[in-house]
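**Q** With the input below, show me the fold.
(one chain, ligands or ions: 1)
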Amino acid sequence: MTRRTWLALAAGLALAASAPASAPAGAQDETTKILLIGKDRDHAPETHEYMAECALLETCLEQTPGVEAIVSDGWPTEPGAFDGVDAIVLYTANGGDVLLDPSHREQADRLIADGVGLVALHWGTGAGEELGPRFLEVMGGWFNTAFAEIPVVDSAIRPADPDHPIARGWQTTPMRDEYYIKLKHLDAARPVVLSEVQGTDYPVGWVYERPDGGRSFGYVCGHFHDCFEIPNYRRSVVNGILWSAGLDVPEGGAPVEASEQDLTLPPDPRVPGR
Ligand SMILES: [Zn+2]
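**A** Prediction:
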């Protein structure tokens, strides 16, 4: 629920409190709506499979009761696309440039001011030099190769703070990935996932509670489709999305069941036979 939804709900509850005891509770069917913004393939096969992996995350997110997830190829332009949206997931090239694009900047600023949750995954944490400083303000972190590096290494993801809801239900997990390191972060951003890269611990996942309201979660992992086959990785992502949407992460972590079919990438004309 966004802040506006909360206010409406609070008003409704106040009315309900003064109504006869038989009045139906109005908040029972409230759903949490999550919009995943992906994009067509722009990388080598089996990397940055935005649309397929957004569909996989949609499947996992909807295993938590009350969650409705929607996938869009690029920023949605149809009227009402953002109605009731509690969190936006940017899983696309330079998510900051997609979010803050001048063609819909007022709409994005309204969503941010309204306290919508923001999630940026892998290249989604990126933004160009022009929009990057503003993206840093709202995300708490900003990736750009002008200052960051992108080593591909065997490492592991591990919870930075076992008491944070995003740490629920998963533990240190080995993972080969393209780890983005040396990002810019705000001091108020808090690491939630750490990886050791080249002998140093880096905050590969972080949370930032925006002073004007709204939760942001950035997570630089997920270059390889193989990462998404790891249940603990999926859980760390889905926990973060639920948290950003203002939900309580289940005690044992979010359910993230995925079938063989869910994990199979769609045909790729660039790969003969697939
Ligand atoms: Zn990558």
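**Q** what number of residues lie near the closest residue to the ion within the stretch 51-200 of the chain?
**A** The minimum distance from the stretch 51-200 of the chain to the ion, using C-beta to the ion, falls at residue 178 (4.4 Å). Using the backbone N, CA and C atoms, a C-beta is placed for each residue, glycine as well. Residue 178 has 19 neighbouring residues, counting by other C-beta atoms under 10 Å.
**Q** For the closest residue to it other than its chain neighbours, list the residues it contacts.
**A** Nearest residue to residue 178, sequence neighbours excluded (C-beta to C-beta, 6 or more residues apart in numbering): residue 223, at 3.6 Å. Contacts for residue 223 (C-beta atoms under 8 Å, 6 or more residues apart in numbering) come out as 47, 48, 122, 152, 177, 178.
**Q** Report the separation between residue 223 and residue 65.
**A** Using C-beta to C-beta, to the nearest Å, we find residue 223 at a distance of 31 Å from residue 65.
**Q** same thing with residue 205?
**A** In this view, residue 205 and residue 65 are 25 Å apart by C-beta to C-beta.
**Q** Phi, psi for the residue in the stretch 151-274 of the chain that the ion sits nearest to please.
**A** As assessed by C-beta to the ion, the ion sits closest to residue 223 within the stretch 151-274 of the chain, at 3.4 Å. Torsion angles at residue 223 (phi, psi; degrees, to the nearest 10) stand at phi -60, psi -50.
**Q** Give me the pLDDT for it.
**A** pLDDT recorded at residue 223 is 98.
**Q** that older thread, can you flag the buried ones in the contacts of residue 223?
**A** 47, 48, 122, 177, 178 (16 or more other C-beta atoms under 10 Å).
**Q** How about the contacts made by the third one?
**A** In other words, residue 122. 48, 91, 178, 180, 219, 220, 221, 222, 223.
**Q** now these as CSV including secondary structure and distance to residue 251?
**A** Shown next, in CSV, are these (DSSP: H, G, I helix; E, B strand; the rest coil; distance: C-beta to C-beta, whole Å):
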residue, secondary structure, distance to residue 251
48, coil, 33
91, coil, 27
178, strand, 32
180, coil, 30
219, strand, 21
220, coil, 27
221, coil, 24
222, coil, 25
223, coil, 30
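**Q** what are the ranges of the helices in the stretch 51-200 of the chain?
**A** When secondary structure is read from DSSP state H, counting those that start in this stretch, the stretch 51-200 of the chain shows helices at 95-99, 105-113, 132-139.
**Q** Just name the most buried of these.
**A** Ranked by mean neighbour count, the helices of the stretch 51-200 of the chain are led by helix 95-99 with a mean of 25 (mean count of other C-beta atoms under 10 Å).
**Q** Get me the contact residues on the chain for the ion.
**A** Residues of the chain lying close to the ion (C-beta under 5 Å from the ion) are 178, 223.
**Q** May I have the beta-bridge partners of the most centrally placed residue in the chain?
**A** Nearest residue to the geometric centre of the chain (C-alpha atoms, centre = their mean): residue 119, 3.1 Å. Listed by DSSP bridges, the beta-bridge partners for residue 119 are residue 89, residue 217.
**Q** pretty sure it is touching residue 85, no?
**A** No: using C-beta atoms under 8 Å, residue 119 makes no contact with residue 85, being 11.9 Å away.
**Q** Return every residue with contacts to both of these two.
**A** Common contacts of residue 119 and residue 85 (C-beta under 8 Å, 6+ apart): none found.
**Q** returning to what we had before: between residue 205 and residue 65, which is the more surrounded one?
**A** Neighbour totals were compared for residue 205 and residue 65, and residue 205 leads with 28 against 9 (other C-beta under 10 Å).
**Q** Grab the nearest non-local neighbour of the more buried one.
**A** Of all residues not flanking residue 205 in the chain, residue 193 sits nearest, at 2.9 Å (C-beta to C-beta, 6+ apart).
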